[in-house]
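Participant: heads up, no residue letters with this:
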């Protein structure tokens with residue numbers, strides 16, 4: 001038989017989970033700002049014009065998924081890790097492309113750095129999210145839905 005008291009404490013998000021989700025939320029906010037900066041400072045031609053909008057769209061998704069990671073949802077931690085990897089690679093490529101064209105932005109370098117931190121944070125949060133989700137399922141099966 002499961003110990004409901006232990007399940008109650010396991011169902012709450014740990015500090016590592018909250019920090020991992022917070023890093024992903026911060027990465028999303030920085031991607032929104034970087035996309036906005038790119039739109040407002042440079043006139044992009046052809047296919048490059050869609051780059052800032054893609055950064056902003058992925059930023060919005062990262063904010064939503066990061067918020068779910070802070071709530072210790074197991075699906076969100078896995079999705080957040082994949083999203084953080086995509087954001088890091090995409091932003092690094094965007095930064096390299098901008099730098100190659102003579103556009104230097106500290107925000108761009110900071111966004112890449114925070115994206116790398118969000119990879120580490122969400123990777124560390126996966127186990128905690130799985131434990132919390134399993135504890136919530138056990139509590140729900142016993143009729144104790146705690147609402148988180």
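Facilitator: Everything's here; your move. Being a predicted model, the structure only gives us computed values, none of them experimental.

Participant: Give me the most central residue, the protein.
Facilitator: Nearest residue to the geometric centre of the chain (Cα atoms, centre = their mean): residue 24, 2.7 Å.

Participant: Verify the stated contact: that residue with residue 120.
Facilitator: No: taking contacts as Cβ atoms under 8 Å, residue 24 lies outside contact range of residue 120: 10.8 Å. C-betas here are computed from N, CA, C, even on glycine.

Participant: dump the residue contacts of residue 69.
Facilitator: 17, 20, 21, 24, 76, 77, 80, 122, 125, 129 (Cβ atoms under 8 Å, 6 or more residues apart in numbering).

Participant: switch the cut-off to 6 Å
Facilitator: 20, 21, 24, 76, 77, 80, 125 (Cβ atoms under 6 Å, 6 or more residues apart in numbering).

Participant: Not counting its neighbours along the chain, what's nearest it?
Facilitator: residue 21 (3.3 Å; Cβ to Cβ, 6 or more residues apart in numbering).

Participant: just checking, what packs against the longest helix along the chain?
Facilitator: Counting by DSSP state H, the longest helix found in the chain is helix 106-141. Packing partners of helix 106-141 (3 or more Cβ pairs under 6 Å, 6 or more residues apart in numbering; DSSP states H and E): helix 4-11, helix 15-41, helix 74-100.

Participant: Format those helices as TSV; extra columns: distance to residue 109 and mean pLDDT.
Facilitator: As requested, these are exported to TSV (distance: least, Cβ to Cβ, whole Å; pLDDT from 0 to 100):
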stretch	distance to residue 109	mean pLDDT
helix 4-11	39	62
helix 15-41	10	94
helix 74-100	7	94
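
Participant: and those, which is most packed in?
Facilitator: Of these, the one with the most neighbours on average (mean count of other Cβ atoms under 10 Å) is helix 15-41, at a mean of 21.
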